[in-house]
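[1] Sequence below, structure please.
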Amino acid sequence: MDDRIVVDPNICSGKPTVRGTRIMVKNILGMVAGGYTMAGIIEAYPELTNNDVTAALEYASQVIDEEKVIPRA
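    Down below sits the predicted model:
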């Protein structure tokens, strides 16, 4: 995963993206939340591979595990 997800202040304002693209991790997460399958995500973004999508999900999982979660009122 470490080589697939990058954070570069010059790309998408420093948001995590899939290396070599401007596809943000949050876009992939939004698609998953919206019910897209792996195949549907790749159909929408043909430059991605299964490994790219998996890396984005793993990245999000690691970030949420590290962050202090504050419940919404």
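[2] Sort out which residues of stretch 30-41 are buried, please.
    Across stretch 30-41, burial judged by 16 or more other CB atoms under 10 Å covers 31, 32, 36, 41. Where C-beta positions appear, they are placed from N, C-alpha and C, glycine not excepted.
[3] Now for the last one: which residues touch it?
    Contacts here follow CB atoms under 8 Å, 6 or more residues apart in numbering; on that basis residue 41 touches 28, 31, 32, 48, 53.
[4] and the strand or helix carrying the last one, what other elements does it pack with?
    Taking DSSP states H and E as the definition, one finds residue 53 inside helix 50-66. For helix 50-66, the packing partners by 3 or more CB pairs under 8 Å, 6 or more residues apart in numbering; DSSP states H and E come out as strand 5-6, strand 17-18, helix 25-33, helix 38-44.
[5] gap between that helix and the chain center?
    6 Å (CA atoms, centre = their mean, to the nearest Å).
[6] same check, this time on stretch 54-72
    Distance, centroid of stretch 54-72 to centroid of chain: 11 Å (CA atoms, centre = their mean).
[7] Tell me how many other residues surround residue 28.
    The number of residues packed near residue 28 is 26, by other CB atoms under 10 Å.
[8] list the contacts for it?
    18, 41, 53, 56, 57.
[9] residue ranges with poor pLDDT in the chain?
    1-2, 67-70, 72-73 (pLDDT under 70).
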